[in-house]
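Quick one, structure for this:
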Amino acid sequence: MKLILVAKLQYYRNDGHVQFMTYYDVLYKNDDAVMTLLTPLDAEFTGLFKREKALFNKMRKSDFTKKIAGADRRMDDDITGMNNLVRAGLHSPTGSTREAAERLHNRFAAFGDIARRSYEEEPADVMALVTDLTSAGYKNEVTALNMTTWVTDLLAALQAFNGLIIDRRDEETAKPEGKLADVRRQLDKVYRQMVDMVESAATIDTAGAYEEFIRELNYEIKRYNDDDHEHARKDLGATDHCVVEPVETLAYTGKAVTPIVKAFYREEGKTTIELVFSRDFFLTYKNNVEVGTAVVTLHGKGGYKGQFHTTFNIARGV
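As a prediction, this is how the structure comes out:
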């Protein structure tokens, strides 16, 4: 019988992983019965844990980390500046300017608060936004609101950000010893050995010497599994997992046609999930101005990743 919950260590963020191991370190060392049982592995665990903390602190304080934060702020400032221009345009006395602002306002709203995205998610969202703003569908609106310079700088900021991310990864890879990921794997292995020892001893213990330790550890594991880890992201691009309701033929207007599609995620044997636009996915369009077949692409975000393509028709006289 399984007594101790499985900690999903591979999903814990670096800071979350350190916090969890800090809690575990204190918990087992403050329990005399458990500490006596785990003495053979104590030195190995302690040594690996110290290395993880040292590497994590070094990574967090590295020059690249500071530069990346600066590049991220530059992207956020550009997006904030463009949002301000759009809001101002909504109150313009000129009808064409208000119309341009309304279209851009809806497009920005579709992406949600990009500034709150993680470093892993934000570049994809920014690239999709830049792609939209430089496309034929929104080029006139960008020009009407004098946003061209902002868009150009946002693209440059994104390129600088991505370059720094690559440089930092190269720097980490070049280290001769103890990359953080490697130390985490070793530490996780020792942690699981220790947990197995406690569980084995508890199954034949009639005095309940390990009950309080297991209860407290399970409480913490559940909290981290539920709240403090990065969940595995479901892949919208996987075969038959993403289902999109057909989009009816839409009328040609001479401007970009941007329908919001209704989509679902399904896995065999599991309940079908209705996806929420802007939370679970955002949309980009291609060939969506002229009469003919347009392509709309769903890009996973939040708990989803990957892309799913579908089409719709644009016709005159609809």
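
Would you map the helices across the stretch 201-318 of the chain?
Under the criterion DSSP state H, counting those that start in this stretch, the stretch 201-318 of the chain carries helices at the ranges 211-227.

show me the contacts for the spatially most central residue of the chain.
In the chain, the centroid-proximal residue (CA atoms, centre = their mean) is Glu121; its distance is 4.5 Å. Glu121 sits next to 301-302 when contact means CB atoms under 8 Å, 6 or more residues apart in numbering. C-beta: built from backbone N, CA, C; applies to glycine.

Equivalent analysis for Asp132, please.
Asp132 makes contacts with 107, 138, 284, as judged by CB under 8 Å, 6+ apart.

mind checking the SS state of it?
helix (DSSP: H, G, I helix; E, B strand; the rest coil).

Now do it against Gly95, distance only.
Distance of Asp132 to Gly95, computed by CB to CB, to the nearest Å: 23 Å.

With Leu155 instead?
Counting by CB to CB, the gap from Leu155 to Gly95 is 30 Å.

again with Tyr265
The separation that Tyr265 has from Gly95, given CB to CB, amounts to 41 Å.

Could you tell me which ranges of the stretch 51-200 of the chain sit under the pLDDT cut-off?
For the stretch 51-200 of the chain, residues meeting the criterion pLDDT under 70 lie at 59-66, 120, 167-178.

returning to that earlier point: ok, Tyr265 and Gly95, which is more surrounded?
Tyr265 (23 against 8; other CB atoms under 10 Å).

Wait, that one touches Asp240, no?
No: the criterion here is CB atoms under 8 Å, and Tyr265 misses it with Asp240 at 10.4 Å.

isn't Lys67 right up against Ile165?
No: counting by CB under 8 Å, Ile165 is not a contact partner of Lys67; they are 10.1 Å apart.

Return the set of buried residues in the helix of greatest length in the chain.
For the chain, the longest helix by residue count, based on DSSP state H, is helix 32-61. Going by neighbour count (16 or more other CB atoms under 10 Å), the buried part of helix 32-61 is 33-34, 37-38, 42, 45, 48-49, 51-52, 55-56, 59.

got those residues as JSON lines, with distance to Leu180 columns?
Compiled in JSON lines, these are given as follows (distance: CB to CB, whole Å):
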{"residue": "Ala33", "distance to Leu180": "32"}
{"residue": "Val34", "distance to Leu180": "27"}
{"residue": "Leu37", "distance to Leu180": "29"}
{"residue": "Leu38", "distance to Leu180": "24"}
{"residue": "Asp42", "distance to Leu180": "22"}
{"residue": "Phe45", "distance to Leu180": "17"}
{"residue": "Leu48", "distance to Leu180": "11"}
{"residue": "Phe49", "distance to Leu180": "12"}
{"residue": "Arg51", "distance to Leu180": "9"}
{"residue": "Glu52", "distance to Leu180": "7"}
{"residue": "Leu55", "distance to Leu180": "4"}
{"residue": "Phe56", "distance to Leu180": "6"}
{"residue": "Met59", "distance to Leu180": "6"}
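
Which member of these is positioned nearest Phe213?
Each of these was checked against Phe213 using CB to CB; the closest is Val34, at 5.0 Å.
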